[in-house]
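Visitor: What follows is a predicted structure for the sequence shown.
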Amino acid sequence: VQLQASGGGLVQAGGSLRLSCAASGIILSINVMGWYRQAPGKQRELVASITSGGSTNYADSVMGRFTISRDNAKNTVYLQMNSLKPEDTAVYYCKSTIRTITYLEVWGQGTLVTVSS
């Protein structure tokens, strides 16, 4: 089982980006899917998460600007990022709790988001 993240890039402040993260492999179900980020010199932090039922949770710093969603049929989670700020610059990682034969906590590779001022 693996997660493949995509969608990062360079954008000007005020711009938008959409990140995607698709799970593949033998998957029976996926519980929580989430996005984390790690800026240089800082600890990794939760950005947003979404349960299989669609309940969402956001960091205060992104509330109202970012939207997390998921497509259960495609085993994919998205992060729509609007009104981006330079302080959003970080490597973004997706993480999911996936039920295969057992339960696995799986991290995707990071995707770099750079917001220029």
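Guide: Everything's here; your move.

Visitor: all contacts plus neighbour counts: C-alpha atoms, from now on.
Guide: Will do.

Visitor: Just say helix, strand or coil for residue 87.
Guide: Secondary structure, DSSP: H, G, I helix; E, B strand; the rest coil: residue 87 is helix.

Visitor: Also residue 27?
Guide: The local conformation at residue 27, judged by three-state DSSP, is coil.

Visitor: show me what contacts residue 11?
Guide: 17, 113, 114, 115, 116 (C-alpha atoms under 8 Å, 6 or more residues apart in numbering).

Visitor: Against residue 106, how distant is it?
Guide: Distance from residue 11 to residue 106, counting by C-alpha to C-alpha, to the nearest Å: 28 Å.

Visitor: before we move on, which element is the spatially most central residue of the chain in?
Guide: In the chain, the residue lying closest to the centroid (C-alpha atoms, centre = their mean) is residue 35, at 2.8 Å. If you go by DSSP states H and E, residue 35 is part of strand 29-38.
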